[in-house]
Each structure stands twice: as C-alpha cells, then as structure tokens.
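*Asks:* Got a predicted structure plus its sequence, pasted below:
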Amino acid sequence: MDKSKVERAGQYIKQLEGYKAYIPKPLPPDPPIEIDDSMQTMLSQAELSLGRLDGSILTLPDPDLFVFMYIRKEAVLSSQIEGTQSSLNDVLEAEAKIFSRSTQSRDVGEVLNYVNAMNYGLKRLQTLPVSVRLIREIHKRLLKDVRGSKCQPGELRTTQNWIGPSGCALMDATFVPPPPSEVPKALSDWERFLHDNQKMPFLIKVGLAHAQFETIHPFLDGNGRIGRLLITFLLCERDILRKPVLYLSYYFKRHRQQYYDLLQAVRDLGDWESWLKFFLRGIVEVSQEAAATAKKIVELREAHRILIIEQFGRVAGNGLKVLESLYSGPIISVNDVAQMTKTSFTAANKLTQKFVEQGLLSEITGQTRNRQFRYDAYIDLFADER
C-alpha cells in the first residue's frame with residue numbers, strides 16, 4: 001500500500017482517556033480517487049443500470065404502487081441488518097391492522113418507523129436539501145417510541161460510541177468513531193462536500209458520502225439505517241432517479257462482512273478505490289434486480305386482469321377495481337371490498353370468494369369473522385429476504 005494513501009481518509013488520535021478515536025479528513029480524498037479502467041467500466045455500468053431502472057419504473061401503470069412495496073422491502077432489510085427479525089409480511093399485516101400497534105412486536109415498530117422516516121425524508125427533499133438538518137429530522141422519526149428512543153433521537157451524540165462485537169468495551173472496539181467534540185465539524189465538512197461543484201462523477205460522490213457518514217457515526221443509534229437512506233435521497237435530489245427505487249440494503253446484507261471490511265480498509269489503509277468498486281457493483285446488481293421485478297409486476301397485473309375478465313362474469317368490473325387496489329394494499333378484508341365497490345357485505349363476500357377460488361387471494365387470519373386476505377403472488381415478488 002502506498003504510504004501516501006494510508007492516512008488520506010483520516011487517522012487515529014489518542015484521547016485524554018487513553019483510547020484512540022478516528023478523525024476523518026474532509027472529502028474529497030487527497031490524493032484523489034484513481035478511476036482506473038475497471039472502475040470506469042463499473043461506473044458506466046452503474047449509470048446505465050440506473051437509467052434503465054428509472055425508465056422501467058415509469059412504464060408501470062402506476063409507479064407509486066411499486067414504490068409503496070419497494071420502500072417496505074427496504075425498511076425490512078435495512079432493519080434486519082441491525083438485528084430485527086420482522087418480515088415483509090409482518091409489516092404489511094401491521095399496516096392492515098391485523099394486530100394493533102400496542103400488541104405488535106418491537107421489531108415491527110422499528111420497521112414501520114423506518115417507512116415513516118423514509119417517506120418523510122422523501123417529501124422533505126422538496127423543500128430542504130440533503131443536509132445535517134434533514135438527517136436529524138429523519139433520525140428523530142426513526143427512533144420514536146422504539147428501541148433506541150433513549151439515545152437522543154434527532155440529536156448528535158454527546159458521548160463516545162464505538163463499533164465491535166456485542167458487549168465489547170471501548171478499549172476492545174473494532175472501530176472508534178470521532179469523539180463527540182469533533183462530530184459537528186466533521187458533519188459540516190461532509191455537508192459542504194455534498195453540495196460543492198467539484199468535477200466528480202456523482203455516483204462516486206455518493207459512495208464517498210455514504211462511507212464518510214458511517215465513519216463519523218454521528219448518532220448513538222440508527223447510523224446504519226440513516227446512512228443507507230442517504231444513498232437514495234441523494235439520487236432523488238439530483239433527479240438521477242425520479243422515483244425512490246434504489247435501495248442497497250439487500251446487497252449490503254448479502255455481502256455484510258465484505259461491506260464492513262471495505263469500510264474499515266478505507267479508514268485503516270486509505271483504500272477508497274476498493275470500497276467504491278464494491279459500491280458501484282451494488283448499484284448495478286440492485287438496479288437490475290429492481291428492473292426485473294418491475295417487469296414481473298407488469299406481467300402479473302396483465303395476467304390477473306385477463307383472468308378476472310374471463311372468469312368473473314358480471315362482477316368483472318368490480319373485480320378489476322379490487323385488483324388495482326391490491327397493488328397499493330396487498331392485504332384486504334371483505335369490508336374493504338364492500339367500501340371499494342359500493343356493494344353490500346354479502347356481495348363483497350361473494351366477490352372476495354371468487355378471488356380465493358381463482359388463487360388470487362388467500363385467507364390469513366383463520367377466523368370466521370373479520371377475515372383478512374393476502375395477495376400472495378404480488379407480495380412474493382418482493383419477499384426475497386435472504
């Protein structure tokens with residue numbers, strides 16, 4: 001490793017208490033990032049894949065229906081990286097009020113908070129750029145009334161934190177972020193980098209910004225989830241994506257140890273290039289997977305529209321109304337169907353049974369009253385949570 005690069009990301013400084021904390025250098029790196037042939041190829045592939053993803057989403061009959069589910073999948077996966085056990089189905093059931101907020105698991109509450117924080121941030125981008133202020137507002141919503149709610153939601157940390165195996169002490173930590181006194185300046189430098197006009201490929205800038213944020217680790221809890229959200233926020237802010245449909249949590253979870261090792265190599269060795277190649281490869285893979293899912297949704301919707309037209313007879317019109325609603329709320333009750341179609345409960349029940357008979361819905365509560373039904377084929381397109 002070139003000695004001139006070892007400390008280009010920052011260095012460990014011994015604190016008065018005896019431990020060493022990492023002080024990151026402001027971005028961009030010095031010496032500058034080396035965009036060799038392999039990185040240039042990955043960068044071109046990532047830009048092309050993002051463009052194709054953006055185009056494929058806009059071909060959907062209603063892109064926001066895809067966004068609805070994709071955001072929930074991301075919330076589940078990003079929260080699983082932090083140790084929650086909730087599934088996509090748990091979240092959808094909670095939102096469909098199969099069980100109340102007071103009885104749902106703590107893990108589901110954390111995922112629902114993630115969804116709310118994400119939606120809030122995306123809306124807030126219309127009036128506020130990605131900034132320290134924005135991430136503090138998002139963080140406050142992320143930790144409200146769940147695990148971590150005592151860790152100063154929305155506030156920069158005022159005590160030292162560290163990263164390492166569960167239960168490890170500060171002196172045994174794998175990584176010690178900057179002390180709290182250094183956090184405001186580090187974040188100010190980070191925000192300035194986000195909005196400067198330096199000539200740099202934007203995806204490179206996003207990769208640098210994510211890694212730097214995780215190194216600063218400005219909150220006592222929730223840093224990983226906020227850092228992953230920032231990737232999509234930056235792409236949407238720049239209009240590289242017109243819909244928020246790129247989330248790297250699935251890729252980071254699948255390659256979790258490599259993700260952590262490469263971030264640490266940036267800090268210890270100044271190896272920004274290996275991290276950036278990994279990051280760009282993730283954009284390519286996730287973009288391709290998301291575009292493929294969008295294509296499957298179009299095919300599924302058309303196949304089920306045809307089935308309803310051919311098999312539902314006089315109630316096919318109402319059947320199509322119900323089908324369309326399932327793409328924004330894939331768990332439904334007979335009462336929901338009655339309200340949607342403006343028919344009696346008896347008529348709505350018969351229509352729901354047609355959906356069950358044709359394999360479009362399955363009953364999931366096991367009750368005789370207040371039954372809920374699940375649109376399995378659609379949910380299953382998003383439910384790969386390995």
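*Replies:* Received, thanks. Quantities reported herein were computed from a predicted structural model and do not represent experimental measurements.
*Asks:* which one is Glu289 nearest to, not counting chain neighbours?
*Replies:* Take Glu289 and drop its neighbours on the chain: the residue closest to it by C-beta to C-beta, 6 or more residues apart in numbering is Tyr250, 7.5 Å away. Placement of C-beta: from N, CA and C, glycine included.
*Asks:* Which strand or helix spans the one you found?
*Replies:* Secondary structure from DSSP states H and E places Tyr250 in helix 249-254.
*Asks:* Distance of the nearest residue to Glu7 once chain neighbours are set aside relative to Lys5?
*Replies:* If the residues on either side of it in the chain are set aside, Glu7 comes closest to Gly270, at 6.3 Å by C-beta to C-beta, 6+ apart. Distance, Gly270 to Lys5, by C-beta to C-beta, to the nearest Å: 4 Å.
*Asks:* which of these two has more neighbours?
*Replies:* Using other C-beta atoms under 10 Å, the more surrounded residue of Gly270 and Lys5 is Gly270, with 23 against 17.
*Asks:* which residues does the residue nearest to Glu7 contact?
*Replies:* 1, 5-9, 29 (C-beta atoms under 8 Å, 6 or more residues apart in numbering).
*Asks:* re the thing from before, now the helix holding Tyr250: buried residues?
*Replies:* Neighbour counts over helix 249-254 (16 or more other C-beta atoms under 10 Å) mark 249-252 as buried.
*Asks:* residue contacts, His195?
*Replies:* With C-beta under 8 Å, 6+ apart, His195 has these contacts: Pro129.
*Asks:* Quick check: pLDDT value at the residue nearest to Glu7.
*Replies:* At Gly270, the model reports a pLDDT of 95.
*Asks:* And for Pro218?
*Replies:* Residue-level pLDDT assigned to Pro218 equals 96.
*Asks:* thinking again about what came up before, any chance of the buried residues of helix 249-254 in CSV, plus distance to Ile379?
*Replies:* Supplementary listing: the buried residues of helix 249-254 in CSV, determined by distance: C-beta to C-beta, whole Å:
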residue, distance to Ile379
Ser249, 18
Tyr250, 16
Tyr251, 21
Phe252, 23
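*Asks:* domain parsing for the protein?
*Replies:* For the chain, automatic domain parsing gives the domain ranges 7-293, 312-380.
*Asks:* per-stretch mean pLDDT over those, give me the minimum one.
*Replies:* Looking at the domains of the chain, the bottom one is domain 7-293 with a mean of 87.
*Asks:* Could you tell me the end-to-end distance of it?
*Replies:* One end of domain 7-293 to the other measures 42 Å (C-alpha to C-alpha, to the nearest Å).
*Asks:* Equivalent analysis for stretch 166-175, please.
*Replies:* Stretch 166-175: ends 13 Å apart by C-alpha to C-alpha.
*Asks:* which of the buried residues of helix 249-254 lies closest to Pro165?
*Replies:* Nearest to Pro165 among the buried residues of helix 249-254 is Phe252, at 19.0 Å by C-beta to C-beta.
*Asks:* Go ahead and confirm that closest one touches Arg228.
*Replies:* Yes. The criterion here is C-beta atoms under 8 Å, and Phe252 meets it with Arg228 at 7.0 Å.
*Asks:* and the most centrally placed residue in the chain, what helix or strand is that in?
*Replies:* Note on the chain: the residue nearest the mean C-alpha position is Glu74, at 3.8 Å, using C-alpha atoms, centre = their mean. Assigned by DSSP H and E, Glu74 falls within helix 63-81.
*Asks:* Check which helices and strands that helix sits against.
*Replies:* Applying 3 or more C-beta pairs under 8 Å, 6 or more residues apart in numbering; DSSP states H and E, one finds that helix 63-81 makes contact with helix 37-58, helix 88-95, helix 106-124, helix 223-237, helix 249-254, helix 272-311.
*Asks:* For the helix or strand that the longest one is followed by, buried residues please.
*Replies:* Yep, that's helix 272-311 we're talking about. On the C-terminal side of helix 272-311, the nearest following helix or strand under DSSP H and E is helix 316-326. Residues of helix 316-326 classed as buried: 316, 318-319, 321-323, 325-326 (neighbour count, 16+ other C-beta under 10 Å).
*Asks:* ok, Gly359 - how many residues close by?
*Replies:* 11.
*Asks:* In three-state terms, label it for me.
*Replies:* Classification of Gly359 using DSSP: H, G, I helix; E, B strand; the rest coil returns coil.
*Asks:* If you drop the residues flanking it in sequence, what lies closest to Gly207?
*Replies:* Closest residue in space to Gly207, ignoring its immediate chain neighbours: Phe279 at 4.0 Å, by C-beta to C-beta, 6+ apart.
*Asks:* I'd say that neighbour and His210 touch.
*Replies:* Yes. Using C-beta under 8 Å, Phe279 is in contact with His210, at 7.2 Å.
*Asks:* Pick out whichever of those two has more residues nearby.
*Replies:* Phe279 (24 against 21).
*Asks:* mind listing what Leu60 touches?
*Replies:* Leu60 sits next to 66, 294, 297-298 when contact means C-beta under 8 Å, 6+ apart.
*Asks:* Show me which of those residues are buried.
*Replies:* By 16+ other C-beta under 10 Å, those give 66, 294, 297 as buried.
*Asks:* mind putting the residues you listed in CSV, distance to Gly224 included?
*Replies:* As requested, the buried ones among the contacts of Leu60 are exported to CSV (distance: C-beta to C-beta, whole Å):
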residue, distance to Gly224
Phe66, 25
Ala294, 27
Ile297, 29
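*Asks:* can you put the contacts of Leu60 in CSV and add distance to Ile13?
*Replies:* Putting those into CSV (distance: C-beta to C-beta, whole Å) gives the following:
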residue, distance to Ile13
Phe66, 47
Ala294, 48
Ile297, 51
Val298, 54
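*Asks:* Farthest-apart pair in the residues you listed, please.
*Replies:* Phe66 and Val298 (9.7 Å).
*Asks:* Would you mind giving the domains of the chain as JSON lines with distance to Ala303 added?
*Replies:* Converted to JSON lines, the domains of the chain look like this (distance: least, C-beta to C-beta, whole Å):
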{"stretch": "domain 7-293", "distance to Ala303": "14"}
{"stretch": "domain 312-380", "distance to Ala303": "9"}
